[in-house]
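**Q** Need the 3D shape of this:
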Amino acid sequence: MFSIGEQVCSRKTRNVGKVIGYGHEVIDSGYTLTLKVLIAKVESPGRTTAVEEDLYSNWIQHLNF
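**A** Model prediction:
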């Protein structure tokens, strides 16, 4: 389980950010855990922040070297 403040990377979008919260999504009549991540670098003009939410299984730990 990822902790609040931990850096993660999306398997789908490759966006990197910090975990800021948890959520859930209903799939096949059951709840599945999601992560809410504050994206570190936003490429959209006029936007200063972005939050991405996706299933927990779609995130991996991001290591800084």
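
**Q** Low-confidence ranges, the protein, go.
**A** Residues of the chain meeting the criterion pLDDT under 70: 43-44, 65.

**Q** can you do 80?
**A** 42-49, 64-65 (pLDDT under 80).

**Q** All the strands of it, residue numbers only.
**A** 7-10, 16-27, 30-39, 51-55, 59-61 (DSSP state E).

**Q** In its sheet, which strands sit next to the longest one, and in what direction?
**A** Paired neighbours of strand 16-27 in the sheet (DSSP bridges): strand 7-10 (antiparallel), strand 30-39 (antiparallel).

**Q** Please identify the most buried of these.
**A** Across the strands paired with strand 16-27, averaging neighbours per residue (mean count of other Cβ atoms under 10 Å) puts strand 7-10 on top, at a mean of 18. C-beta: built from backbone N, CA, C; applies to glycine.

**Q** Contacts for it, please.
**A** Strand 7-10 has contacts (Cβ atoms under 8 Å, 6 or more residues apart in numbering) with 2, 15-19, 35, 37, 40, 52, 54, 58-64.

**Q** most remote residue from this protein's center?
**A** The centre of the chain is farthest from one residue, residue 29, which by Cα atoms, centre = their mean lies 22.9 Å away.

**Q** any idea how far residue 22 is from that residue?
**A** Using Cβ to Cβ, to the nearest Å, one obtains 20 Å as the distance from residue 29 to residue 22.

**Q** Tell me how many other residues crowd the spatially closest residue to residue 31 that is not a sequence neighbour.
**A** Here the nearest residue to residue 31 in space, its sequence neighbours aside, is residue 24; by Cβ to Cβ, 6 or more residues apart in numbering that works out to 4.5 Å. Residues within reach of residue 24, counting by other Cβ atoms under 10 Å, total 12.

**Q** what's residue 24 in contact with, if anything?
**A** 31, 32, 33, 34.

**Q** Adding distance to residue 48, write the residues you listed out as TSV.
**A** As requested, the contacts of residue 24 are exported to TSV (distance: Cβ to Cβ, whole Å):
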residue	distance to residue 48
31	32
32	30
33	28
34	23
